[in-house]
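# Give me coordinates for this.
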Amino acid sequence: MPIPFVKAAGAGNDFLLSWEADAPQRGRAAIARAICDRNHGIGADGWYLVRPGGEGEDWDAALHLYNSDGSEAELSGNGTRCVAAWLASQSPERAELRLRTGAGIRALRLRERKGRSTLFSMAMGVPIVFPEEELAIPAASPIRVKGSRIDVGNPQFAVRVNDFDFAWKERGAQLEPHDAFPRRSNISFYRILDRNRVEARFFERGAGATLSSGTGATGVAAAALAGGLAGLPLTVETEAGPLVFHEDGGGLLLDGWASLIGEGTFYWDEDGALR
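Below you'll find the predicted structure:
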């Protein structure tokens, strides 16, 4: 079955976007694994199914996100901007969008266009930062990791470090399915650069190590702010570039770019086999 898609990237995270009406009703987790596969499929961190808002609904589109491993995610900050960039390309006059995610409605304002790239300010809401805790990773010599859980619409665990000269991807893979996280968790490692800049690395639930993460950066910003280690405006330096946070009525406003990369058709084999 042919499934049309658009590919977009936001700060290093890449996503495939399809209209929900163009996707089969069944087997969507398997399709997500296949279409996101970087060797046998198109390749992406996740697959979005998008449904336009109808009459009487107070949002412009509803978003359903599948991670590259087929699991479902409540929210992606970079991914939501990618969908916004796609929708904005079809309605150039639109400067504001309300998108319904699995974590609720997120409002976005288009601030700048450069070709197929758009800069959006996205309301990330009010993160909930929990007290710092120490987790034990089972091993021959148990490893203890101290960090903070943050709820930004999806689960985050932010760990402050002095540098990234350690096997942080391996540590993220150990922490992501930890028994302390009933729904697994996104893992972020961050270090303070100065009062208005932090640097971060991300291991995302359902996608693994990624160059960037909008919600992960939100969690890092929230943890640094709650700990009195930083102030707004705050730039989170990712491997793919900066994400900038401002105050938004007690919450956080995320500024970031999203770009349309291309479009095409994915041919889904009904038996789900990758050959």
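# Ignoring the adjacent residues along the chain, who's closest to Gly219?
Nearest residue to Gly219, sequence neighbours excluded (C-beta to C-beta, 6 or more residues apart in numbering): Gln156, at 3.3 Å. To be clear about C-beta, it is placed using only N, CA and C from the backbone, and glycine gets the same treatment.
# quick one: contacts for that neighbour?
Residues in contact with Gln156, defined by C-beta atoms under 8 Å, 6 or more residues apart in numbering, are Arg149, Ile150, Ser185, Asn186, Ile187, Ser188, Thr215, Gly216, Thr218, Gly219.
# ok, the first one - contacts?
Think Arg149. Contacts of Arg149 by C-beta under 8 Å, 6+ apart are Val129, Phe130, Glu133, Pro155, Gln156, Phe157, Ser185.
# Over to the second one?
For Ile150, the contacting residues are Pro127, Ile128, Val129, Phe130, Gln156, Phe157, Ala158, Thr218, Gly219, Ala222, Ala223, by C-beta under 8 Å, 6+ apart.
# Okay, and the beta partners of it?
Ile150 has the following beta-bridge partners by DSSP bridges: Val129, Gln156.
# where's it relative to His246, distance?
18 Å (C-beta to C-beta, to the nearest Å).
# likewise the first one?
Going from Arg149 to His246 by C-beta to C-beta gives 24 Å.
# Now do stretch 128-135, average pLDDT.
Averaged across stretch 128-135, pLDDT comes to 96.
# meant to ask about stretch 12-22
Computed over stretch 12-22, the average pLDDT equals 96.
# Over to stretch 145-164?
On average, stretch 145-164 scores 97.
# Arg184 is in contact with Phe157, correct?
No - contact between Phe157 and Arg184 fails when scored by C-beta atoms under 8 Å: they sit 10.0 Å apart.
# more crowded one of these two?
Phe157 (28 against 16; other C-beta atoms under 10 Å).
# circling back to that earlier point, of the contacts of Ile150 - the most surrounded one?
Result: Gly219 is most packed of the contacts of Ile150 (other C-beta under 10 Å), 33 neighbours.
# what's the spacing between that one and Phe5?
29 Å.
# number of nearby residues for Leu135?
Other residues close to Leu135 by other C-beta under 10 Å number 18.
# Helix, strand or coil: sort out it for me.
Look at Leu135: counting by DSSP: H, G, I helix; E, B strand; the rest coil, its state is strand.
# who touches it in this structure?
Applying C-beta under 8 Å, 6+ apart, the residues contacting Leu135 are Arg144, Val145, Lys146, Gly147, Leu175, His178, Ala180.
# in stretch 57-70, what counts as buried?
Trp59, Asp60, Ala61, Ala62, Leu63, His64, Leu65, Tyr66, Asn67, Ser68, Gly70 (16 or more other C-beta atoms under 10 Å).
# Can you tell me which of those lies closest to Leu17?
Closest approach between the buried residues of stretch 57-70 and Leu17, by C-beta to C-beta: Leu63, at 9.2 Å.
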